[in-house]
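Peer 1: Next input, structure requested:
(4 chains)
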Protein chains: 4
Amino acid sequence: MIRVAITGASGLVGECLTRVLVDHPAAEVTYVGSRSSAGRDIADVVPSLKGQISLACRESDAKEIAAAADVAILAHKSAESLELTPKLLDAGVRVIDIGGEFRLKDPALYKRWYGQDHTATVLLAEAVYGLPELHREQIRTARLVANPGCYPTSVVLGLAPLLKAGLIQRDGIHIASSSGLTGAGRTGARAFIDVNEDMRPYALGGHKHVPEMEQELGAAAGGRVTVTFVPHLIPLNRGILSTMFARPARLADAAELHATLARAYAGEPFVRVREGGGDVCIANVRGTNFCDVAVDLSESTETVIVTSALDNMLKGAATQAIQNLNVMFGLDEATGIRGVRGS
Amino acid sequence: MIRVAITGASGLVGECLTRVLVDHPAAEVTYVGSRSSAGRDIADVVPSLKGQISLACRESDAKEIAAAADVAILAHKSAESLELTPKLLDAGVRVIDIGGEFRLKDPALYKRWYGQDHTATVLLAEAVYGLPELHREQIRTARLVANPGCYPTSVVLGLAPLLKAGLIQRDGIHIASSSGLTGAGRTGARAFIDVNEDMRPYALGGHKHVPEMEQELGAAAGGRVTVTFVPHLIPLNRGILSTMFARPARLADAAELHATLARAYAGEPFVRVREGGGDVCIANVRGTNFCDVAVDLSESTETVIVTSALDNMLKGAATQAIQNLNVMFGLDEATGIRGVRGS
Amino acid sequence: MIRVAITGASGLVGECLTRVLVDHPAAEVTYVGSRSSAGRDIADVVPSLKGQISLACRESDAKEIAAAADVAILAHKSAESLELTPKLLDAGVRVIDIGGEFRLKDPALYKRWYGQDHTATVLLAEAVYGLPELHREQIRTARLVANPGCYPTSVVLGLAPLLKAGLIQRDGIHIASSSGLTGAGRTGARAFIDVNEDMRPYALGGHKHVPEMEQELGAAAGGRVTVTFVPHLIPLNRGILSTMFARPARLADAAELHATLARAYAGEPFVRVREGGGDVCIANVRGTNFCDVAVDLSESTETVIVTSALDNMLKGAATQAIQNLNVMFGLDEATGIRGVRGS
Amino acid sequence: MIRVAITGASGLVGECLTRVLVDHPAAEVTYVGSRSSAGRDIADVVPSLKGQISLACRESDAKEIAAAADVAILAHKSAESLELTPKLLDAGVRVIDIGGEFRLKDPALYKRWYGQDHTATVLLAEAVYGLPELHREQIRTARLVANPGCYPTSVVLGLAPLLKAGLIQRDGIHIASSSGLTGAGRTGARAFIDVNEDMRPYALGGHKHVPEMEQELGAAAGGRVTVTFVPHLIPLNRGILSTMFARPARLADAAELHATLARAYAGEPFVRVREGGGDVCIANVRGTNFCDVAVDLSESTETVIVTSALDNMLKGAATQAIQNLNVMFGLDEATGIRGVRGS
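Peer 2: Presented below is the predicted three-dimensional model:
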């Protein structure tokens, strides 16, 4: 059994990780870190976990983790991982960071969007962006995997194949994404009466996921890509739907666009290419590790429309981390996460 | 008291109309038409109306309506109004049609998007598009007002001033709109378990509200305007949020964009120009006749972002009809609809 | 025009009061008190009010209120009204208190359930419990009206006629009530992700609305009544549904039970007696001042089941206060609140 | 691997069963029956299943099932299982019936509540009521297991230990249960706009789950038990919360009541006894096979209040069936269903 440490275990993503790993046939949670709940049993801190696991929360000490685990999944939101990650790697623990600290290759972008200096820049070159569909081979042997953001996962999986194939232009990409309320975690939670029966855009001045999208899309395109991104809050717990508008780079019909996506994801266990016309929706991916994508063409306005959907807590966070874990440890990539539950 | 007939009175919009008119100080409902419920009391057909009104439903006969009412608000969805409207006008009844039969000036577009021939084309020139913010003077004396569609109201109010001022380009406009489930009415209702905790796009092949948007935006711009429009369903009862992307037509900063909207709607009782940055949301307009709009500028990608929100059953249908009624009959435009309730 | 002061104007109930009064034909808001927002325009504090009212918030000073208003509706949650109410009455301002300070006739019960001494006990005898269906005549001339709690309104209207008629026993009454999230106001708001897709009981150790129910039911019954009351939170904004079980006091069939309710509320503008069997629901009362009630009889277990529903922000708070205001000032009781909007 | 056939595979419960079994380490779905979709791949019929399973739907023929499977889980709603079950048993296939056909021991009760004659009465004596917490030993060797109804599971687990211990009286039990909308399945689905932001009671004239509750509670109590049961619809997808009122049978304090539940479920993998006071809620059980229960005592009214919660699609249907399957085939009872996902 692969021994897994989870930090930030009392948060929403930590809760999801624990829930899924409880039934994982080749991995088990052996350490739960939660600074705010140190000393308490995680099943008392997170009531839904009662009866599934019983472990005392620890302060996320690197040496302790090294003694208890083969791999650490960092699910705390803060920049604490800048400090913890080097120590864990030095101690021989492989790391999957669900926070955003190791996603951007350019420390200047990190400083601009995350508001602080990056203090572990030496690891940036080594860190692998953990989108298995794009970087599977590097993930296999990675010591440090930067688990992608939820919005970027939905956007990059939708657009990368079309940019790589040269079918859409690299600028003028407009993205309207909508997320359920778990996206902000427990600490950023908003009151029910403020968001129920409501929808609202936010971060119109710029969102820190934009440089991450542009980095990965640029890599796929082989050149600079820019996107205009507007996220929205919608009154549901889990799920992201992204609707993306792009201008064709050359003449292509709807069939070629679809075929390009289908080819890109043939054999992929967790990306489903839908027919378009409205087949992509949150309901079909809720409670799963799938990202569903489709492409439509508005012929009258010559606009390519890509839609994608995923569960922000799963493919956007927890189960994508387990997918990476499976890849890192040579397991079948779908081990323990193929099923769909609770949706 | 202005005597008002409502057809389609047992539908969702009919229900809203009745509810609002019950407290209107200068108008009263004197006739309710409902083919499916003819002979029954409307308060038995629509349980929430019990204790507020008691009127037997009729079959929406023009002569009967003429005897009972000064104005008819047609709230049935079908093309029945093509037949009924000429008879009502002949009988001296003014008409506000909430359906789409008299919105498009071009009968060829009507045939293409509504799937049938227009059989009252002679009235198309006379019909006034009932967006008071654009056509108030014509509405005052109109015999026939075509109440705007819900999506077009949100889109046209957001973009028209910027197009008129030449601040954004007339093509390359991308619109992602989201609507609550009342948008489809009772007959198009979807199961709770299919849409709760879900969001999905639809009508990716084209929506019949597009020509309506292009007609009104083109008129504002003084030239052909095209839009790419993707509607979505979101799990709430009422409300539309539209997020619109456009390319600047000339150099303008965020302040000028905002000022252009603010000038356009200065003195308007039911359009509120918000500051941008996320101030526009469904919660603030739910249960009201307001349309909130804002404009943001993404400087890095040189993209203008307009957001707008309204209650699809009210400013998108019922209370916009009453706003038109107030204008047509010389009342204060906000009579009976300034308040905000039940949201 | 009756001049109305609202304190706690930036709270949820204050917002509702303002929204409804904006369209009231015989009353107008002339003073808005909000300690936390003193000096700011209420329309800036509560974004939905923009375009409907423009008044600077004040610190709720009794002299200021007396200069500006004929009646004050106190919508703040705290015990501040214990201090303010005597001053207002002295200054000649009639008072409708939406908080719980003047509902319980017994100051010992107040201390036990509200956790503090009652400092204006001299007013308890004078205060009229503001349920017009039970105390209309006293309300007409009252200086001080104690607007009922939301749960008690639903419970008392459902059970009082049956107790008064001696049809059900005075003990062994079991009540399961469920409320939407607005019940706790802005300050007690809970996070969306904690309550969406959830239902939970609370206050199993006792709820401060119980003595209020027992007081009013006892008065109706002419003897001591006790109830076991379990409130629940349900994932919706507005509405209370109460399901009440009671043992028959004497042989009565379903028809007699129904007839008893029907007689009790014949002519009442805002209580609708439904047929039973599931006709009572939140949807039919949302956005209205109605309370719907029904009675069913389980013959096999000889149990009377009463169900009732109301909108906790309206009949449970704001519009019940306006109903009282209408009664106090000799207006038609339904003035400005008969209509149903925004639901 | 245990080979499992699922009938009614395109229904909501069938979908859940498939999702869970896809990750079950000792069982696999080898046959999917769906009369309405015969010939089509189940992953095309149920879009969320794409990428997880690919099997052509069959017409649920007993011989075919016998050739493909060791056990059949019948998840269709109709009485079809009356015909299918005897054939499956004759062919050597063990059966878990999720419908209600084999729960009631008394065929007269079946006829009264299900509206038809029972045509396989010979099997009623053999069928084991599949609540492992009460009938585990019989389930181990059963050929035919009648999976409990969702409401009865929540009620029986809450009350049985207290009745068995003689702590509460056998009559005068009042139950208010609330269920999410999946309870009615796809075929009984209600429109979003009719139930969102609503709560309503139904089946006030009697619900077919009542005799099932009374049968199992009576068996636990060792004598006749009667209950008054009012179910409600609440606006969420999944979950049941039951609030139960009972009169004490003898003097007992809150601690003894709690201890009785705790003893009854000590060692049970899927019943969690909570502390009371509001700890039981749907959120903690959603997406799991757990039933949470708690007991409170209202001392002032001498009333015992039991609350219980479960996920109606899981412990109320699909994963309880798998729990039974695990027991029947000698597996660890929690195999593949301990985890909590997607909630």
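Peer 1: what does the domain assignment say about chain A?
Peer 2: According to automatic domain parsing, chain A comprises the domains A:2-147+A:317-328, A:150-310.
Peer 1: distance between the ends of the last one?
Peer 2: Spelled out, it's domain A:150-310. Distance between the two ends of domain A:150-310: 8 Å, counting by C-alpha to C-alpha, to the nearest Å.
Peer 1: rewinding a little: mind checking the domains of chain A for the one nearest to D:Leu331?
Peer 2: D:Leu331 sits nearest to domain A:2-147+A:317-328 of all the domains of chain A, at 13.4 Å, using C-beta to C-beta. The way it works is simple: take the backbone N, C-alpha and C, and place the C-beta from them, glycine included.
Peer 1: on that earlier part again, out of the domains of chain A, the one nearest chain B is which?
Peer 2: Closest to chain B of the domains of chain A is domain A:150-310 (C-beta to the nearest C-beta; 3.4 Å).
Peer 1: Any part of the closest one near chain C?
Peer 2: Yes. Judged by C-beta under 8 Å from any C-beta of the partner chain, domain A:150-310 and chain C are in contact via A:181-182, A:186, A:189-197, A:235-237.
Peer 1: Check which helices and strands the top helix by length along chain A sits against.
Peer 2: Ranked by residue count under DSSP state H, the longest helix found in chain A is helix A:150-164. Where contact means 3 or more C-beta pairs under 8 Å, 6 or more residues apart in numbering or on different chains; DSSP states H and E, helix A:150-164 is packed against helix A:132-141, strand A:173-179, helix A:209-221, strand A:227-233, strand A:240-246, helix A:254-265, strand A:291-298, strand A:303-310.
Peer 1: Which strands border the second one, and is each parallel or antiparallel?
Peer 2: So that's strand A:173-179. Here strand A:173-179 has these sheet partners by DSSP bridges: strand A:227-233 (parallel), strand A:240-246 (antiparallel).
Peer 1: quick one: stretch A:50-69 to chain centroid distance?
Peer 2: Here stretch A:50-69 is found 23 Å from its chain centre; the criterion is C-alpha atoms, centre = their mean, to the nearest Å.
Peer 1: Which residue would be the closest one in the stretch 1-150 of chain A to chain C?
Peer 2: Here the residue of the stretch 1-150 of chain A nearest chain C is A:Leu12; by C-beta to the nearest C-beta that distance is 7.3 Å.
Peer 1: correct me, but that residue touches A:Gly183?
Peer 2: No. Judged on C-beta atoms under 8 Å, A:Leu12 makes no contact with A:Gly183 at a distance of 9.2 Å.
Peer 1: check contacts around A:Val13.
Peer 2: Counting by C-beta atoms under 8 Å, 6 or more residues apart in numbering or on different chains, A:Val13 makes contact with A:75, A:98, A:185, A:313, A:317-318.
Peer 1: Show me these that map onto helices.
Peer 2: If you go by DSSP H, those have A:Ala318 in helices.
Peer 1: Outside of stretch A:183-191 itself, list whatever touches it.
Peer 2: A:11-13, A:77, A:150, A:181, A:233, A:240, A:312, C:181, C:186, C:189-194.
Peer 1: In ChimeraX, how would I select just the buried ones from these?
Peer 2: Under the burial definition 16 or more other C-beta atoms under 10 Å in any protein chain shown, those of those that qualify are selected in ChimeraX by:
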select /A:11,12,13,77,150,181,233,240,312 /C:181,186,189,190,191,192,193,194
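Peer 1: Can you tell me which of the contacts of stretch A:183-191 end up in helices?
Peer 2: Among the contacts of stretch A:183-191, the ones falling in helices (DSSP H) are A:12-13, A:150, C:192-194.
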